[in-house]
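Q: next one to model:
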Amino acid sequence: MDVIWRRGRATVAEVRRDLADPPSYSAVRTLLGLLETKGHLRHESDGPRYVYLPTADREKEQRTVLRHMVRTFFDGSAERAVAALLDLTESKLTPEEIQRLRRLLEQARSQGR
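A: Model prediction:
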């Protein structure tokens, strides 16, 4: 999905080309077909090739996946998930990023979350 969101549209060959260690052509084609069946993609014919386009909004999908990950791996604890993310950060947060996180936390508190 990331390749297709980044490109806007892509063929199986283009998806494979953008992956660091791509699986076989048929494996990528099968996965794209499954994503289409689930409603995340649609395709258009371009001669003999299918060109896949996203149907799902990236930000909405990110929230759905993140919500599932927090429930599954962090017992529903946003605090534990944020702490884990901060531990994974390879670079230091900028002062602007820290200020934005403070604003988001304050906003959540004021909304009773």
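
Q: ranking helices and strands of the protein by mean pLDDT, which lands last?
A: The weakest-scoring helix or strand in the chain, judged by mean pLDDT, DSSP states H and E, is helix 78-88 (a mean of 88).

Q: how about residues contacting it?
A: Contacting residues not belonging to helix 78-88 are listed as 66, 69, 70, 73, 74, 93 [C-beta atoms under 8 Å, 6 or more residues apart in numbering]. Any C-beta I mention is one placed from the backbone N, CA and C, and that applies to glycine too.

Q: can you do 10 Å?
A: When contacts are taken as C-beta atoms under 10 Å, 6 or more residues apart in numbering, the neighbours of helix 78-88 outside the stretch itself are 66-67, 69-71, 73-75, 77, 93, 101, 105, 108, 113.

Q: and the helices in the chain?
A: Ranges of helices within the chain are 2-7, 12-18, 25-37, 58-73, 78-88, 95-110, based on DSSP state H.

Q: wait, which of those is closest to residue 49?
A: helix 12-18 (7.7 Å; C-beta to C-beta).

Q: got the buried residues for that closest one?
A: Residues of helix 12-18 classed as buried by neighbour count (16 or more other C-beta atoms under 10 Å): 12, 14, 15, 16.

Q: surely the third one meets residue 31?
A: Looking back up the chat, that one is residue 15. Yes. Applying C-beta atoms under 10 Å, one finds residue 15 in contact with residue 31, separated by 8.7 Å.

Q: re the thing from before, drop anything exposed from the contacts of helix 78-88.
A: Buried members of those, scored by 16+ other C-beta under 10 Å, are residue 70.

Q: with respect to residue 38, which of the contacts of helix 78-88 is nearest?
A: Of all these, residue 38 sits closest to residue 67, with 17.2 Å by C-beta to C-beta.

Q: how is the chain partitioned into domains?
A: In the assignment given by automatic domain parsing, the structural domains of the chain cover 2-54, 58-110.

Q: which of those has the lowest mean pLDDT?
A: The stretch with the lowest mean pLDDT among those is domain 58-110, at a mean of 90.

Q: ok, now which ones touch residue 69?
A: Counting by C-beta under 10 Å, 6+ apart, residue 69 makes contact with 81, 84.
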